[in-house]
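Q: model this:
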Amino acid sequence: MEECKNLGLTKGIGVSNFTCKNLEELLSIAKIPPAVNQVSKMAIAVELNPLWRQKKLREFCKEKGIHVTAYSPLGAFNTSWGDNRILECDVLEEIAKAKGKSTAQISLRWLYEQGVSMVAKSFNKERMKQNLEIFDWSLTQEESNKISQLPQTKGLNVASAFGPHDWLLDLDAEN
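A: Residues are numbered from 1 along each chain as shown. Down below sits the predicted model:
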């Protein structure tokens, strides 16, 4: 990929679902650091949303100049690998109701305010439109504080799903 960048075949290099440890290893040998780390709900190790905030990863990436993108940050309901815990979160629903917004809009706005870009999937035109209507309002400090106090729950605990192998335990511990 570095050769592609050097030849002008790409503008940047990105990685997907890299943990801080993965990024440290990469940065120790890379001549060109990645421009972005896309994190995904469907990854067994890394996801990013109000219920799994990845503060350490976001801070590490910011310090290293790596942008973070959240792929499928609303939980990917109705997929084989997703769930509905984000859209059914009582605190997010309460904030949404008070602001006259959807729970998805609250979640997406929170990500935006963290400096994270996102790829929210939907086949519903009304929800697609709503997902774009997050830029002309803000969360209050109180609302942000409520979100920051939500219990951290990862969609999938790797070791519990695949067995307590040392490297899987390390992966779960890092996240």
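Q: once you drop chain neighbours, what's closest to the residue nearest to the spatial centre of the chain?
A: Closest to where the C-alpha atoms of the chain average out (CA atoms, centre = their mean) is residue 48, at 2.4 Å. Nearest in space to residue 48, with sequence neighbours left out and distances taken as CB to CB, 6 or more residues apart in numbering, is residue 70 at 4.1 Å. The way it works is simple: take the backbone N, C-alpha and C, and place the C-beta from them, glycine included.
Q: tell me the phi and psi of that neighbour?
A: Phi and psi for residue 70, reported as degrees, to the nearest 10, are phi -100, psi 120.
Q: next up, the contacts around it.
A: Under the criterion of CB atoms under 8 Å, 6 or more residues apart in numbering, the contact partners of residue 70 comprise 38-40, 47-49, 111, 116-119.
Q: about what we covered before: contacts only, for the residue nearest to the centre of the chain.
A: Counting by CB under 8 Å, 6+ apart, residue 48 makes contact with 39, 54, 57-58, 68, 70, 73, 111, 116.
Q: which members of those are positioned in helices?
A: The members of the contacts of residue 48 that map onto helices under DSSP state H are 57-58, 111.
Q: can you tell me which of the residues you listed has the most neighbours?
A: residue 111 (23 neighbours; other CB atoms under 10 Å).
Q: my guess is it meets residue 47, correct?
A: No - the pair formed by residue 111 and residue 47 falls short of the contact definition of CB atoms under 8 Å, at 11.6 Å.
Q: for residue 116, grab the count of nearby residues.
A: Residues contacting residue 116 under the criterion other CB under 10 Å number 21.
Q: ok, it - contacts?
A: For residue 116, the contacting residues are 48, 58, 68-70, by CB under 8 Å, 6+ apart.
Q: swap the cut-off to 10 Å and go again
A: If a contact means CB atoms under 10 Å, 6 or more residues apart in numbering, then residue 116 has 39, 48-49, 53-54, 58, 61, 67-70, 73, 108, 110 as its contacts.
Q: kindly reformat the residues you listed as a markdown table containing distance to residue 135 and pLDDT.
A: Below are the contacts of residue 116 laid out as a markdown table (distance: CB to CB, whole Å; pLDDT from 0 to 100):
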| residue | distance to residue 135 | pLDDT |
| --- | --- | --- |
| 39 | 22 | 91 |
| 48 | 19 | 89 |
| 49 | 19 | 91 |
| 53 | 21 | 91 |
| 54 | 23 | 90 |
| 58 | 20 | 96 |
| 61 | 22 | 97 |
| 67 | 18 | 98 |
| 68 | 18 | 97 |
| 69 | 17 | 96 |
| 70 | 16 | 94 |
| 73 | 16 | 88 |
| 108 | 10 | 97 |
| 110 | 13 | 97 |
